[in-house]
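Student: mind folding the following:
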Amino acid sequence: MKRKVLLIYTGGTIGMEKNYETGELVPFDFSHIFSKMPEMNLLECEVSVHPFSKPLDSSDVGPEDWKKIAVLIHRHYDQYDGFLILHGTDTMSYSASALSFMLKGLRKPVIFTGSQLPIGDLRTDAKENLLTGLTYASWYEGDEAVIQEVAIYFEYKLLRGNRTLKYSAEYFDAYHSPNYPLLGQSGVHLKIETEDLFRPEPDEEFSIDTHISREVLFWRIFPGMTLEYFSEIPKMKVLILQVFGSGTIFGTEKTEQVLRKIRANGTEIVVVSQCISGGISFGKYENSSVFNRVGAISGKDLTAESAITKCMHLLDNPGYSGTFAENFALNLRGEVTE
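Tutor: Numbers count the residues shown, from 1 in each chain. So this is what the prediction gives:
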C-alpha cells in the first residue's frame with residue numbers, strides 16, 4: 001500500500017526559477033512540480049500538492065501563516081499519512097517550532113524542507129531535499145509512523161524542528177541542532193535514531209491549538225548598552241532577554257533596579273543564551289544570580305526561535321492551566337533538555 005503525503009508549498013527558493021533575460025529569481029506554478037521533477041512519480045508514496053495561492057518569501061511568514069498550515073494539517077489529517085512543508089530557509093526554524101507547539105498528540109510526520117538554490121539550478125540542493133523529505137514523510141513500520149513530530153530535513157540531516165537554527169546563508173548544510181542529536185541521516189541508506197524520536201502521551205488525541213500572542217519582545221544584551229531603554233518601550237507581557245554565556249548580565253545595582261521595575265509592571269522575563277550550544281544556569285556565576293532575585297524564568301537550552309514561539313503560544317492561552325512560568329517550564333514537544 002502506498003502511503004499518501006500532502007505537500008504544502010508556502011514559497012521560498014525551492015519554488016523559484018531564474019528568468020534568464022533579467023537574471024531575477026521568480027516563482028513558478030508549483031502545481032506543475034511533477035513536470036519539473038518526474039522523479040517524484042517513482043517514489044513509493046502518492047503525493048498531492050497544495051500550494052499557497054501566493055508564494056511567500058519566508059521573511060513574510062508569520063503567526064497567521066503558522067495557523068493556516070496547522071489548520072490545513074488538521075483538515076487533512078485523516079486523509080494523509082504524512083505532510084511535507086516547503087518553506088523558505090530564513091524563518092523555517094520559527095515556523096517548525098511554532099507548528100510543534102500548535103500540533104498536539106501528533107502521530108504522523110510533519111517535515112519541513114527547502115533549498116539554498118532554486119530547483120532549476122544545475123547545482124541545486126532542492127531535489128535531494130524534496131525527494132528525501134517525502135521519503136521520511138511517508139516512512140511507516142506497519143501501521144505506525146516512524147516520525148511522529150515536526151522535523152526539518154535539510155542536506156542529508158533530519159532534525160527536531162524546535163531544536164534547530166539556521167546557521168549559514170551560504171552552505172547547503174544550513175541547519176544545526178546544537179543541543180539535540182540528529183533524528184536521522186541520509187546516505188546510501190536512510191537512517192533513523194529511534195531512541196531520540198519524540199512520542200506524544202499514549203492517551204493524547206490529535207488536535208490543534210493555534211493560539212498565538214504577539215505581546216512578546218526579544219532583546220539581545222550587548223556590552224555597554226543602556227538598560228534604561230527598556231523603560232521607553234511599550235509594555236509587553238513577556239520580555240525575552242538573550243544574555244551572555246550561561247546566564248550573565250551586567251553586575252550593577254542599576255541592572256537589578258531596571259529588571260525589578262520590568263517585573264513590577266507585570267512583565268515576565270525569560271532568559272536565553274547567546275551561545276549556540278549549552279544553556280542557562282542561574283547562580284552559576286554571581287552575575288546571573290540577579291535573575292533568581294527578580295523572579296526571571298530560565299530558558300535552559302532553548303534556541304531563540306523555540307523560546308520566542310513557545311512564549312507566543314503559551315501567553316494567555318486558555319488551553320493551559322497553571323501560570324505562564326509553570327507552563328513554560330514544561331517540556332511540551334522535546335524542545336528543551338530536562
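Student: can you give me the helices in the stretch 51-200 of the chain?
Tutor: Taking DSSP state H, counting those that start in this stretch, the helices of the stretch 51-200 of the chain run over residues 63-75, 92-102, 126-137.
Student: and the first one, what's buried?
Tutor: To tie it back to what came earlier, the one meant is helix 63-75. Buried residues in helix 63-75, counting neighbours by 16 or more other C-beta atoms under 10 Å, are found at 63, 65-67, 69-70, 72-73. Every residue, glycine included, has its C-beta placed from N, CA and C.
Student: now find how far off-centre it is within its chain.
Tutor: Distance, stretch centre to chain centre, for helix 63-75: 14 Å (C-alpha atoms, centre = their mean, to the nearest Å).
Student: I'd like the helices of the stretch 51-200 of the chain laid out as a markdown table, including distance to residue 37.
Tutor: As requested, the helices of the stretch 51-200 of the chain are exported to a markdown table (distance: least, C-beta to C-beta, whole Å):
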| stretch | distance to residue 37 |
| --- | --- |
| helix 63-75 | 22 |
| helix 92-102 | 20 |
| helix 126-137 | 6 |
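Student: and these as a markdown table, adding distance to residue 152 and mean pLDDT?
Tutor: Formatted as a markdown table, those follow (distance: least, C-beta to C-beta, whole Å; pLDDT from 0 to 100):
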| stretch | distance to residue 152 | mean pLDDT |
| --- | --- | --- |
| helix 63-75 | 14 | 98 |
| helix 92-102 | 5 | 98 |
| helix 126-137 | 9 | 96 |
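Student: for residue 251, find the nearest of those.
Tutor: Checking those against residue 251 by C-beta to C-beta gives helix 92-102 as the closest, at 31.9 Å.
Student: for the closest one, give me every contacting residue.
Tutor: 58, 61, 63, 65-67, 69-70, 73, 85, 87, 110, 112, 114, 149-152, 161-162, 164-166, 175, 208-210, 212, 303, 305-306, 308-310, 312-314, 332-333, 335 (C-beta atoms under 8 Å, 6 or more residues apart in numbering).
Student: for PyMOL, write the selection for the buried entries among those residues.
Tutor: With 16+ other C-beta under 10 Å as the criterion, this PyMOL line picks the buried residues out of the contacts of helix 92-102:
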select buried, resi 58+61+63+65+66+67+69+70+73+85+87+110+112+114+149+150+151+152+161+162+164+165+166+175+208+210+212+303+305+306+308+309+310+312+313+314+332+333+335
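Student: take the contacts of helix 92-102 and keep only those in strands.
Tutor: In strands, judged by DSSP state E, the following of the contacts of helix 92-102 are found: 85, 110, 112, 150-152, 165-166, 175, 208.
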